[in-house]
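>>> what follows is a predicted structure for the sequence shown.
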Amino acid sequence: MSSDVRFTDFKSDKQPTWCPGCGDFGTMNGMMKALANTGNDPDNTFVVAGIGCSGKIGTYMHSYALHGVHGRALPVGTGVKMARPDVEVMVAGGDGDGYSIGAGHFVHAVRRNVDMTYVVMDNRIYGLTKGQASPTSRSDFETSTTPEGPKQPPVNPLALALASGASFIAQSFSSDAMRHAEIVEKAIEHDGFGFVNVFSPCVTFNDVDTYDYFRDSLVDLQEDEDHDPTDYEAAKEVILDSEKEYQGVMYQDENSVPYHEKHGVTEDMSEIPDGAPEDAMDLVREFY
Amino acid sequence: MAEDLNWAIGGEAGDGIDSTGKIFAQALSRAGRHVFTSKDFASRIRGGYTAYKIRTSVEQVQSVVDRLDILVALTQRTIDENLDELHEGSAIIYDGERSWDAEIPDEMTAVDVPLKSLAEEAGGAIMRNIVALGAACTITGFDVEYLDEALEKRFGGKGSKIVENNKEAARAGQEYVEENYDLSHLGYNVETTDNDYVLLNGNEAIGMGALAAGCRFYAGYPITPATSIMEYLTGRIEDYGGHVVQAEDELSAINMALGGARAGARAMTATSGAGIDLMTETFGLVATSETPLVIADVQRSGPSTGMPTKQEQGDLNMALYGGHGEVPRFVVAPTSITECFWKTVEAFNLAEKYQTPVFLVSDLAMSVTEQTFPPEAFDMSEVEIDRGKLVDEDEVDEWLDAQGHFRAHAVTEDGVSPRAIPGTTDAAHMSTGLEHDELGRRTEEEDERVQQVDKRNRKVETAREQEDWDYREFGDPDADNLVISWGSNEGALVEALEYLEADGIDVRVISVPYIFPRPDLTEEIEAADETIVVECNANGQFADVIEHDVLTRVKRINKYTGVRFKADELADDITDKLSEEVPA
């Protein structure tokens, strides 16, 4: 790991095809800064990307990366981390990828507390398919497939994480570049599953959850000096607050022990002998 | 044919049938006898008929037959279910003190043993099955002392008192029959030898093969009959620095395994039934991202939930064609329990050499059958590991483009690209399920698309040329009658040859372990007067493939009752089939 890594080292030379003004630009920049600030370099970093606009991130960043099947980014990240505890794993996807098709994996990745970072670019809309309701769309949000709104409450991803036993829950806003990078950095440094829901506005298909909306309404927990992220009850309060939306680290379990430590998974599994293990005939003798 | 003995214990699920059967199988194995076991069971923990059957001989046995010599019946249904297999020389051990009135055909020998009472005297009713094993020892002339070692293995962890009680229970059964019955007219006499055998099933062989091959990461979701691979690895893989994770579903399991493989581990997953349907979603990604992955499908009866605890070879088409688009792959189907081991080792090598998904297609019959082998059948010094084009830091340079990007999907002559894993300096790259260029970046350029499709397909062609895709052959190589099989039918077919030979019918058996790529059987089929393809499914999926390969029609023997082929039954089927007209 070199000490002179700059965040631009995590940038590929491929120009993003996101719409001009897309929140994903800011989200990605913050991720790259956070990775560089935490002493990682592209050769020891693995980014797993989901499907959707957000999933393109694997192409625009420079690192080891896999852009996989819709909704299954977290399982891939889990496998990478288990095989290689020495590698920094960052999983990125959208609200559809994480809270709809991949919701089941989200719950279980949170429970496992695998030591990786999960950044969800939440724009409350399906952008790549040109504007359908997402699991975080408001119940009255009109789209091509929900002309009168979905008529169902949006998923509260933070509450879902909390209910699943999360050890780190945070939220950020792509446009508040410094805070966003700081929060992702904390998620990377957290010993366990660092979950950050990022408000990453879609300027093309979502005219409700806009930059202006978040700028005007978002409450920063850092300015609220009373908020102690290690206080579970306090975290519960802000996460379940139906009146306001927050940015900052809502919850962090200081005693979090990541999966691989609990299970004694410490070795680099890529290294194996040239033949069967030396004592392998013992495996056969077990069957006497 | 060596003299074989067919023994079974049957009762309700939850009666300890399986563990009792296993103890007897182990005792026979310790006595230097070969054993081949089979199970009739229901997908329930309690209730429903279940049986554990053992065929044993001093010579290798590799099939069940339609004959049962000694039956321990804990329920009337056990007797009823097996009436076809019982004969006038059969002995049926039952407990006359229990509430049911045993109805045993007059021509058979009823051996009424107070299993429960004797077990209680020895220390607890729970040992009644062990009393029955003791009783079986007397009937078969098998020294009860051989049971001791098996009892120690089974109950050793529970303390010496339990072990001693069980030994006493076995002796109580043995003595009771000795004192109350003269069964010498049945003529059973179990010989022993000094040979040492190991006793294991197909799933254990797959798990052991995985460990031998350096598999360090396994992700799976429990499903009958694949779970025991996961159970085998759990608690053992850790000794080699590996780990097993129980995923939330099969969608996750295959993606976790894929992640492990991309990180550089030899990784696998295994499933069955609907689990392979879910995994199908990711087949294409494994192939286009060129990730080495071993996916085991322990087939069970389908479709849908089908008969989850019954045998079928119904997933051949799924393994060959599953997944949207065109997915290059290898499909390997072990034909015996030892081959479950060796083909697993081979699957890992194929996966890494060609950076391609490898389907290891086994089946329920093989997964639950325990069979004896000399330990040398799993000679670990023969295990070879080939990691293919895994590059180290010194080799990275030659695979960089002018801008210094690592060409993870470089278009090469043999189709195989260099593979770099995280931590390899200057080789960071992405891979994707999208069509991509040499660098792994999305493309829809026509030329690049064609180049990448061709290179992936070329890997299969390279493998076709470089690897051995041969079949296994038994019987008379010059026979006019050719029988072709895939997967686990091999043992029954090999034994069927002996019945056929006795009837003067010469048969050449070709047992195919490679489904794709597979051996070209044109010459073999053209040389034969008659060709029959044998498989455990209704539609003849392998027969279809063979007909397509050779452009001819073949006869088919299909069994889809949920029960594997039996040697004697198969011999009859072949005889009947030979006299039929060839289909038009």
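In hand now; what should we look at?
>>> element containing residue 27, please.
All of this is about chain A. In the assignment (DSSP states H and E), A:Thr27 maps to helix A:23-37.
>>> could you do chain B instead?
Taking DSSP H and E as the definition, one finds B:Ala27 inside helix B:17-30.
>>> A:Val89 too?
With DSSP H and E as criterion, A:Val89 is part of strand A:88-94.
>>> contacts for that strand, please.
If you take CB atoms under 8 Å, 6 or more residues apart in numbering or on different chains as the criterion, strand A:88-94 is touched by A:27, A:31, A:35, A:38, A:40, A:44-55, A:57-58, A:73-74, A:76-77, A:80-81, A:102, A:114-123, A:127, A:134, A:188. Just so you know, the C-beta spots here come from the backbone N, C-alpha and C atoms, and that holds for glycine as well.
>>> intersect those residues with the contacts of chain B.
With the criterion set as CB under 8 Å from any CB of the partner chain, the members of those near chain B are A:Asn44, A:Thr45, A:Phe46, A:Val47, A:Val48, A:Gly58, A:Leu74, A:Val76, A:Gly77, A:Val80, A:Lys81.
>>> closest residue of chain B to chain A?
B:Gly259 (2.4 Å; CB to the nearest CB).
>>> which SS class is that residue?
Look at B:Gly259: counting by DSSP: H, G, I helix; E, B strand; the rest coil, its state is helix.
>>> is the helix or strand following the helix holding B:Ala27 positioned near chain A?
Next in sequence after helix B:17-30, counting helices and strands by DSSP H and E, comes strand B:34-40. No: using CB under 8 Å from any CB, we find that strand B:34-40 stays clear of chain A, coming within 11.7 Å at best.
>>> contacts for strand B:34-40 next, please.
Contact partners of strand B:34-40, identified using CB under 8 Å, 6+ apart, comprise B:10, B:18, B:21-22, B:25, B:28-29, B:49-64, B:81, B:197, B:199, B:365, B:368-372, B:491, B:563-564.
>>> who touches B:Asn189 in this structure?
Shown in contact with B:Asn189 (CB under 8 Å, 6+ apart): B:Thr140, B:Gly141.
>>> doesn't it fall inside a helix?
No: the assignment for B:Asn189, made by three-state DSSP, is coil rather than a helix.
>>> related to what we said a few turns ago, could I have the strand holding A:Val89 exported to CSV, CA atoms only?
Extracted in CSV, the C-alpha atoms of strand A:88-94 (Å, rounded to 0.1, in the frame of the first residue of the first chain):
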residue,chain,number,x,y,z
GLU,A,88,-10.6,-3.5,0.9
VAL,A,89,-14.1,-4.2,-0.4
MET,A,90,-16.6,-1.6,-1.4
VAL,A,91,-20.0,-2.4,-2.8
ALA,A,92,-22.0,0.2,-4.6
GLY,A,93,-25.5,0.1,-6.1
GLY,A,94,-28.8,1.9,-6.3
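>>> which of the residues in that strand are buried?
Neighbour counts using 16 or more other CB atoms under 10 Å in any protein chain shown place A:Glu88, A:Val89, A:Met90, A:Val91, A:Ala92, A:Gly93, A:Gly94 of strand A:88-94 among the buried residues.
>>> got it, and stretch B:326-344?
Under 16+ other CB under 10 Å, the buried positions of stretch B:326-344 are B:327-344.
>>> cool, stretch B:80-94 as well?
B:Glu81, B:Asn82, B:Glu85, B:Leu86, B:Ser90, B:Ala91, B:Ile92, B:Ile93, B:Tyr94.
>>> give me the contacts around it.
With contacts defined as CB under 8 Å, 6+ apart, stretch B:80-94 is touched by B:6, B:8, B:10, B:40, B:49, B:51, B:66-74, B:79, B:102, B:104-105, B:107-113, B:115, B:132, B:135-136, B:139, B:183, B:186-188.
>>> quick one, which of the residues you listed are buried?
Using 16+ other CB under 10 Å, the buried ones in the contacts of stretch B:80-94 are B:6, B:8, B:10, B:40, B:49, B:51, B:67-74, B:79, B:102, B:104, B:108-113, B:115, B:132, B:135-136, B:139, B:183, B:186, B:188.
>>> on that earlier part again, in strands, which of the ones next to chain B among the contacts of strand A:88-94 fall?
Those of these mapping onto strands are A:Thr45, A:Phe46, A:Val47, A:Val48, per DSSP state E.
>>> may I see those arranged in a markdown table, with neighbour count as well?
Below are these laid out as a markdown table (neighbours: other CB atoms under 10 Å in any protein chain shown):
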| residue | neighbour count |
| --- | --- |
| A:Thr45 | 27 |
| A:Phe46 | 28 |
| A:Val47 | 29 |
| A:Val48 | 32 |
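>>> from the residues you listed, which two are the most distant?
Taking CB to CB as the measure, these span a maximum distance of 10.7 Å, between A:Thr45 and A:Val48.
>>> what residues are up against the residue nearest the centre of chain B?
By CA atoms, centre = their mean, chain B has its centre lying nearest to B:Met366, at 2.8 Å. By CB under 8 Å, 6+ apart, the contact set of B:Met366 is B:Asn201, B:Gly202, B:Asn203, B:Val298, B:Pro334, B:Ser336, B:Ile337, B:Cys340, B:Gly487, B:Ser488.
>>> for A:Ser200, same thing?
A:Cys22, A:Gly23, A:Asp24, A:Gly26, A:Thr27, A:Ser54, A:Met121, A:Asp122, A:Asn123, A:Ser174.
>>> now swap in A:Ile272 and tell me
A:Ile272 touches B:Gly214, B:Arg216, B:Arg266, B:Ile385, counting by CB under 8 Å, 6+ apart.
>>> show the model's pLDDT score for the second one.
Read it as B:Arg216. pLDDT recorded at B:Arg216 is 98.
>>> among the ones next to chain B among the contacts of strand A:88-94, which two are most distant?
Among those, A:Asn44 and A:Leu74 lie farthest apart (CB to CB), at 20.1 Å.
>>> tell me which element the nearest residue to B:Ala571 once chain neighbours are set aside falls in.
Nearest non-adjacent residue to B:Ala571, counting by CB to CB, 6 or more residues apart in numbering or on different chains: B:Tyr499, 3.5 Å away. Counting by DSSP H and E, the element that carries B:Tyr499 is helix B:490-502.
>>> fine by me, thanks again.
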